[in-house]
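Q: sequence below, structure please.
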Amino acid sequence: MLTFLQPSQMENDQIYMLSLRPFYQRLNIIINAIEKTGEVSVDVLTTLKESLNNQVFLTSIYSPGLNYFAIDLTTYVSNGLSYKLDESELINKLMASENIQKFISYFILPCAKNGIEIKTVILSTSEGVIEFPGLNYVINTPEKSTYHLISTYVNKITINIGTEIVAEIPINNTNSPYFGNADFSIEKNSLKTIDDISLTFSDPLISKCLTNNFKNLNVRKSNENNLLSNIEFTMNDHLYYKSCLELIAEIWPEYYKEITSHIKLIAIMDTDAFGGFTANLLPDAIFLSHHPNDFLWVTENIVHECAHSRLEQLFVIDPIVLNEHTEKFNSPWREDLRPMKGVYHGVFAFTRIAMWLERLYKVYPVASISERLELVLQQLEQGIAVISQSAKLSPIGEHIFNEIRIIVDKNKKLEETT
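A: Okay, here's the model as predicted:
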């Protein structure tokens, strides 16, 4: 039986690959426009376009920051509606603010990981720092605001000045960086990643997206300060969030595989303005407030927000909910009225929470977990009633909703017997 609610094994996951289609199309539009500028060699651009046809490479390069950058480059917003830029407008946008170099920089690490050789240039900052998306190193150079030649090979990246290799950066964790120039140094951001999942968003495009779309985020206390900044990570913080993911791996290994296969960013935020949220402009990213003293709450929120991320992949390829966005309904998880898509998202995510708590209770049969499961099931009954009475669903939406009802009924029976 076709299932959408159970975790994906991520092997030949057609839902995930179909959800990448708009991203793939935007990248090709941008590469074609760059070719007309003459700023990047045709060989490099041809290599990148060919590589995008490889599913492994496409999933490797897919990231929240690049997805938003591609949308920002190829569209404009007027009166709340998004419109596609024509090619001449796109080229003008690319030629401004080093946008071509920023765009190409997203390809550097995926090319090295996939053994794709390209040569490009990257601009060091006014402080003499070289950074590019995904790299867990900060490279310090003596030359500020200067272009450097970057070359990618199998599992390594080199930085040149002229013909001299001044630094060689390994992509795997077994080798150490090499420096051919004593004026270069490197710092590793080892505390900011777990299993290739970033815990902070150093990419300024993510900050830009959050700021520009703040009103659309799931933020309850909008008067709070410092809403959009990461915590300053310590070793204890890193171990804490690693332990949360390890508990998911222990209790629900299939779900852990789904998380680590498509989530690129779990941003730990220095605020109490929200519990957690996802944003459809930043796919494969979840945002959580920092709660260092509530381990089970944090772990549950990771499960919850990753469920929203998975469902949003489905919304890319199917409408699922056909109600108008202006229609509002009661939600058991919110005081304000919500569009049906929001109610449906909540029911989907909390059904996965029920599945999580049921598994967790089998391993750790303590009263607080059972009580939490009982509350979630009560809330799900209310949400299911709203959808049953008022939702207009596509065939896939109906299929998922039937899955939800089966799983909730099963958990209710288990709860009654225990």
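Q: packing partners for the strand or helix carrying residue 91?
A: Applying DSSP states H and E as the criterion places residue 91 in helix 87-94. Judged by 3 or more Cβ pairs under 8 Å, 6 or more residues apart in numbering; DSSP states H and E, the packing partners of helix 87-94 are helix 21-37, helix 64-74, helix 99-113. Every residue, glycine included, has its C-beta placed from N, CA and C.
Q: among those helices, which comes closest to residue 378?
A: The minimum distance between residue 378 and the helices and strands packed on helix 87-94 falls on helix 64-74, with 34.1 Å, by Cβ to Cβ.
Q: give me the helices and strands touching that closest one, please.
A: The contact analysis (3+ Cβ pairs under 8 Å, 6+ apart) places helix 64-74 against helix 21-37, helix 87-94, helix 99-113, helix 204-212.
Q: same thing but at 10 Å, please
A: helix 21-37, strand 81-84, helix 87-94, helix 99-113, helix 204-212, strand 265-269, strand 285-289 (3 or more Cβ pairs under 10 Å, 6 or more residues apart in numbering; DSSP states H and E).
Q: for residue 161, find the nearest of the ones you listed.
A: Across these, closest to residue 161 is helix 99-113 (Cβ to Cβ), at 17.1 Å.
Q: any chance of the helices and strands packed on helix 64-74 in JSON lines, plus mean neighbour count and mean pLDDT?
A: What follows is the helices and strands packed on helix 64-74, written out as JSON lines (neighbours: other Cβ atoms under 10 Å; pLDDT from 0 to 100):
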{"stretch": "helix 21-37", "mean neighbour count": "17", "mean pLDDT": "97"}
{"stretch": "strand 81-84", "mean neighbour count": "10", "mean pLDDT": "86"}
{"stretch": "helix 87-94", "mean neighbour count": "16", "mean pLDDT": "95"}
{"stretch": "helix 99-113", "mean neighbour count": "22", "mean pLDDT": "93"}
{"stretch": "helix 204-212", "mean neighbour count": "17", "mean pLDDT": "85"}
{"stretch": "strand 265-269", "mean neighbour count": "22", "mean pLDDT": "92"}
{"stretch": "strand 285-289", "mean neighbour count": "24", "mean pLDDT": "93"}
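Q: in the stretch 301-418 of the chain, where is pLDDT below threshold?
A: 414-418 (pLDDT under 70).
Q: and with 90 instead?
A: Judged against pLDDT under 90, the low-scoring parts of the stretch 301-418 of the chain cover residues 335-336, 410-418.
Q: beta-bridge partners for the residue lying closest to residue 170 once chain neighbours are set aside, please?
A: Leaving aside its sequence neighbours, residue 170 sits nearest to residue 156 (Cβ to Cβ, 6 or more residues apart in numbering; 5.4 Å). According to DSSP bridges, the partner residues bridging residue 156 are residue 153, residue 170.
Q: surely residue 156 touches residue 135?
A: No: Residue 156 is beyond contact range of residue 135, at 11.8 Å (criterion: Cβ atoms under 10 Å).
Q: okay, and the common contacts of those two?
A: Shared contacts of residue 156 and residue 135, defined by Cβ atoms under 10 Å, 6 or more residues apart in numbering, are found at 112, 169, 171.
Q: so the second one makes contact with residue 131?
A: Read it as residue 169. No: using Cβ under 10 Å, residue 169 makes no contact with residue 131, being 11.5 Å away.
Q: any shared contact partners between those two?
A: Jointly contacting residue 169 and residue 131 under the rule Cβ under 10 Å, 6+ apart are 137, 139.
Q: neighbour count: those two, which is higher?
A: The neighbour count for residue 169 versus residue 131, taken as other Cβ atoms under 10 Å, is higher for residue 169 (24 against 16).
Q: the more buried one: what's it in contact with?
A: Contact analysis of residue 169 by Cβ under 10 Å, 6+ apart lists 108-109, 112, 130, 135-137, 139, 150, 155-159, 175-179, 186.
Q: give me the angle between whichever helix or strand residue 260 is part of and strand 285-289.
A: Using DSSP H and E, residue 260 falls within helix 253-262. With axes from the mean of the first three to the mean of the last three Cα atoms, to 10 degrees as the basis, helix 253-262 and strand 285-289 are set at 110 degrees to each other.
Q: so which bits of helix 253-262 are buried?
A: For helix 253-262, a neighbour-count test (16 or more other Cβ atoms under 10 Å) marks 255-262 as buried.
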